[in-house]
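Peer 1: Structural data only, the sequence is not supplied:
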């Protein structure tokens, strides 16, 4: 990705830019600017041409005299409103993934699966143009949605990002040489099934991070990491966010909060031949019977399927946004 391909997040609004409009009651709408188009609400019409050329953070009035605040959406805003093929990783978890996996500029990162591309955008921003992101996805529909969303936000297809279709276990050895990867982020139902190939790909000292939704998944992957003998003892946690209402002397926690979305579990790859010193702790039951293993199958964990019709609609929406963003950047050049 060259310097000219870096997404422009400042300056006057241009054709092809995504703009977040906030009305008088706080309702937000995100539009993509196109000359000659208009934005309709039940309280008037706002012409896109009235926005093009205005500085970011402007207030514009529609034909009914209703004011709207116009801002470029932050990445946080974009991922919450973009078309989705699969459920996204929320920004609160994405921020913790970047921190706990220690994603750094220039890193070589493997991600599986790609979902709708939300985490991919955060990872691409963190590794910078000098890094490399290799994403793996089993479903081509999800990969298409992710490609469209990433091109929409960046205005181009990143040169340092690839998507490989197929199971990680069978495709990773062909894409990444042994001990060539700095960080691995696994967002899948059964990450323990891929630990052998992940262990081969990771550099000594590299980090593997798994994002799982349920306690049973968390337990299974933690024990699987320990059983390899190739990692430090795993650390696990979850993040909850509670907002606060602050207005004058009326200061109180919000009635709603973002609670459990998933668990993060991390471990670091040991050097070849290293034996981790045994921790002195109280013994616990770590053996599994057939009933335990059955509870961790994808069917028992409740894998969610998106209907083919809904997926086709989301692929079209993501692709349309990508085309507009690419056209914007071509016109800018």
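Peer 2: Structure's in. What do you need? Worth saying up front: this structure is predicted, and the values here are computed from it rather than measured. Numbers count the residues shown, from 1 in each chain.
Peer 1: Phi, psi for residue 322 please.
Peer 2: phi -60, psi -40 (degrees, to the nearest 10).
Peer 1: typed the wrong thing, it's residue 150
Peer 2: phi -70, psi -40.
Peer 1: nearest spatial neighbour of it, skipping sequence neighbours?
Peer 2: Sequence neighbours aside, residue 117 is the residue nearest to residue 150 in space, at 4.9 Å (criterion: Cβ to Cβ, 6 or more residues apart in numbering). The C-beta positions use only the backbone N, C-alpha and C, and glycine is treated the same way.
Peer 1: Point out the other helices and strands that whichever strand or helix holds residue 310 packs with.
Peer 2: Using DSSP states H and E, residue 310 sits in helix 308-332. Helix 308-332 sits against strand 28-32, helix 140-154, with contacts defined as 3 or more Cβ pairs under 8 Å, 6 or more residues apart in numbering; DSSP states H and E.
Peer 1: Deepest in the core, which of these is it.
Peer 2: Mean neighbours per residue, mean count of other Cβ atoms under 10 Å, is largest over those for helix 140-154, with a mean of 23.
Peer 1: Test my guess that the residue nearest to residue 150 contacts residue 151.
Peer 2: No: Residue 117 lies out of contact with residue 151 (Cβ atoms under 8 Å); the separation is 9.3 Å.
Peer 1: contacting residues around residue 317?
Peer 2: The contact partners of residue 317, taken as Cβ atoms under 8 Å, 6 or more residues apart in numbering, are 83, 148.
Peer 1: Just give the closest residue to the residue nearest the centre of the chain, not the sequence neighbours.
Peer 2: Of all residues in the chain, the one closest to the mean position by Cα atoms, centre = their mean is residue 119, 1.6 Å from it. Leaving out its chain neighbours, the residue that sits closest to residue 119 by Cβ to Cβ, 6+ apart is residue 89, at 4.7 Å.
Peer 1: And for residue 252?
Peer 2: Per Cβ to Cβ, 6+ apart, closest to residue 252 is residue 245, 5.4 Å.
Peer 1: Tell me, how many residues neighbour that neighbour?
Peer 2: Using other Cβ atoms under 10 Å, residue 245 is surrounded by 10 other residues.
Peer 1: Read off the pLDDT value for it.
Peer 2: On the pLDDT scale, residue 245 is placed at 93.
Peer 1: check which helix or strand covers it.
Peer 2: Per DSSP H and E, residue 245 falls inside strand 241-247.
Peer 1: what pLDDT, on average, does the next helix-or-strand element following that strand get?
Peer 2: Remark: after strand 241-247, the chain's next helix or strand is strand 250-258, criterion DSSP H and E. Averaging pLDDT along strand 250-258 yields 92.
Peer 1: And the contacts of strand 250-258?
Peer 2: Here strand 250-258 makes contact (Cβ under 8 Å, 6+ apart) with 90, 92, 240-245.
Peer 1: Of those residues - the most surrounded one?
Peer 2: Most surrounded of the contacts of strand 250-258: other Cβ under 10 Å gives residue 90, at 19 neighbours.
Peer 1: For it, list the residues it contacts.
Peer 2: Taking Cβ under 8 Å, 6+ apart, one finds 258, 261 in contact with residue 90.
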